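J.: My questions concern the predicted model and sequence given below.
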Amino acid sequence: MKAAVWYGVKEVQVQSIDEPKVTPGTVKIKVEWCGICGTDLHEYLAGPIFIPGDTPHPLTNEKAPVVLGHEFSGEVVEIGQGVSNVKVGDRVVVEPILACGECNECKAGKYNLCDFLGFHGLAGGGGGFSEYTVVQENMVHKIPDDMSFEQGALVEPAAVAVHAVRQSKLKVGDVVAVFGAGPIGLLTIQAAKAAGASQIIAVELSEERKKFAKKVGADIILDPTQVDVVSEIKQLTNGGVDVSFEVAGIEIVLNQAIESTKADGQVVIVSVWEKTATIPPNSLVLKERDIKGIIAYRDIFPAVIQLIANGSIKAEELITKKIDLADIVEEGFTSLVKEKNHVKILVKPGM
């Protein structure tokens, strides 16, 4: 079968690999659509980050080269011995977290904070940028018959946004700022709106993404090249937003998010960073601002599937291009780097 394999920075190859086989407790899926995630792009440009480079990942015993792709939907084509939650023919999405189940965080139910956290499609064991992939039964979630496979491929990034909002201090009626209107930022806008935010301010450079931010529910759009974002937000909100979500992974943006948050407010860091950032601690100390990081999601996929199914989150509106697996480098990764009008690109592994 064909798969997109990561070998190194700007070195992703589409090649033929062996089709995976089911084992007891696993499910084989024919992948319908897989989204290119910001994390995939980080790995392409600056990895390995989550990808095990020189040392095998402790949960997969694999290291690079690995198959990419962790935002995907598909159809169950085979089940292993003992599998009872799904059957052949089920339409599904995959929660791609790999966790050990034995560390303190796993035992406390916080499996996304596992000491050995990995992701299917990053840590080895296969991935969604392939015609078929095999995953553990507990990673598989059925989707409604009226949900498209394209919508299904966006459940995973939507789960990141919903988890970020759930883990924040956002209350009904609060004012929110979202810094960065890429896919996760746009989904965070929708998740915050669904959670009861009374006003949402989006901060974004790209003209195309500004339009998307307005379309999905942002009330005010600010361009940091045209206004002093911090001063403007403080003026608009009488001192700052209740909660700001940083979804850009850029140092200056993180500091804008901090300074735009009111005293005793909260900054939530959603982005995955390619490098370290410097912040002035007194910006937190003197205003008693709270700063929180979030990673991925936990116990949330069924709720997110329902939010997309009932239209509370219109994830499919973020799709700007659909491509074949053979074109993933030029029409996928390269397009996302060079063409800022794209939001979410979906990849079709098999025809």
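T.: Sure thing, it's come through.
J.: alpha carbons only for contacts and neighbour counts from here, please
T.: Will do.
J.: so where's the stretch 251-351 of the chain uncertain?
T.: 351 (pLDDT under 70).
J.: rerun at 80
T.: 340, 350-351 (pLDDT under 80).
J.: which residue ranges form the strands in it?
T.: Along the stretch 251-351 of the chain, counting by DSSP state E, counting those that start in this stretch, strands occupy 261-269, 290-293, 319-324, 344-348.
J.: Give the pairing partners of the first one; include direction for each.
T.: If you go by DSSP bridges, strand 261-269 pairs up with strand 241-246 (parallel), strand 290-293 (parallel).
J.: Buried residues, the shortest one. List them.
T.: Pointing back at strand 290-293 there. For strand 290-293, burial by neighbour count (16 or more other C-alpha atoms under 10 Å) applies to 290, 291.
J.: hang on, residue 73 is in a helix, isn't it?
T.: No. Counting by DSSP: H, G, I helix; E, B strand; the rest coil, residue 73 is located in no helix; its state is strand.
J.: number of nearby residues for it?
T.: 32 (other C-alpha atoms under 10 Å).
J.: now residue 32
T.: For residue 32, the count of nearby residues is 27 (other C-alpha under 10 Å).
J.: And the helix or strand containing it, what does it pack against?
T.: Element membership for residue 32, per DSSP states H and E: strand 26-35. If you count contacts as 3 or more C-alpha pairs under 8 Å, 6 or more residues apart in numbering; DSSP states H and E, strand 26-35 packs onto strand 71-79, strand 132-136, helix 149-152, strand 344-348.
J.: May I have it as PDB, with CA atoms only?
T.: Taking Å, rounded to 0.1, in the frame of the first residue of the first chain, the C-alpha atoms of strand 26-35 are listed here in PDB:
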ATOM      1  CA  THR A  26      -7.000  -4.100  17.200                       C
ATOM      2  CA  VAL A  27      -9.000  -2.700  14.300                       C
ATOM      3  CA  LYS A  28      -8.000  -2.300  10.700                       C
ATOM      4  CA  ILE A  29      -9.300   0.900   9.000                       C
ATOM      5  CA  LYS A  30      -9.400   1.900   5.400                       C
ATOM      6  CA  VAL A  31      -8.500   5.600   5.600                       C
ATOM      7  CA  GLU A  32     -10.900   7.900   3.700                       C
ATOM      8  CA  TRP A  33      -9.500  11.300   4.600                       C
ATOM      9  CA  CYS A  34      -6.700  12.500   6.700                       C
ATOM     10  CA  GLY A  35      -6.000  16.200   7.500                       C
END
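J.: pLDDT (mean, whole number) over that strand?
T.: Across strand 26-35, the average pLDDT comes to 98.
J.: does residue 60 really touch residue 120, like I thought?
T.: No. The pair residue 60 / residue 120 is not scored as a contact, 9.2 Å apart, by C-alpha atoms under 8 Å.
J.: Looking at the two, which one has more neighbours?
T.: Between residue 60 and residue 120, residue 120 has the larger neighbour count (other C-alpha under 10 Å), namely 26 against 16.
J.: What confidence value was assigned to the nearest residue to the more buried one once chain neighbours are set aside?
T.: Nearest in space to residue 120, with sequence neighbours left out and distances taken as C-alpha to C-alpha, 6 or more residues apart in numbering, is residue 96 at 4.9 Å. What the model reports as pLDDT for residue 96 is 98.
J.: so what's residue 96 up against?
T.: By C-alpha atoms under 8 Å, 6 or more residues apart in numbering, the residues touching residue 96 are 70, 71, 119, 120, 121, 139.
J.: re earlier: among the helices and strands packed on strand 26-35, which comes closest to residue 184?
T.: Among these, the nearest to residue 184 by C-alpha to C-alpha is strand 344-348 (9.7 Å).
J.: relative to strand 319-324, how tilted is the closest one?
T.: Inter-element angle recorded for strand 344-348 and strand 319-324: 20 degrees (by axes from the mean of the first three to the mean of the last three C-alpha atoms, to 10 degrees).
J.: Please renumber the chain so that the first residue is 34 from this point on.
T.: All set: I'll call the first residue 34, so the last point we hit is now strand 377-381.
J.: Quick one: the helices in the stretch 184-333 of the chain, in order.
T.: Using DSSP state H, counting those that start in this stretch, the helices of the stretch 184-333 of the chain run over 188-200, 216-227, 240-249, 262-270, 284-292, 314-318.
J.: I'd like these written out as CSV, with distance to residue 88 and mean neighbour count added.
T.: Formatted as CSV, the helices of the stretch 184-333 of the chain follow (distance: least, C-alpha to C-alpha, whole Å; neighbours: other C-alpha atoms under 10 Å):
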stretch, distance to residue 88, mean neighbour count
helix 188-200, 27, 25
helix 216-227, 30, 26
helix 240-249, 38, 19
helix 262-270, 43, 17
helix 284-292, 29, 21
helix 314-318, 35, 13
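J.: Now for residue 93 and residue 153: what residues contact both?
T.: With C-alpha under 8 Å, 6+ apart applied, the contact sets of residue 93 and residue 153 do not overlap.
J.: what bridges to residue 326?
T.: residue 302.
J.: hang on, it packs against residue 302?
T.: Yes. With contact defined as C-alpha under 8 Å, residue 326 reaches residue 302; the gap is 4.7 Å.
J.: shared neighbours, those two?
T.: Shared contacts of residue 326 and residue 302 (C-alpha under 8 Å, 6+ apart): none.
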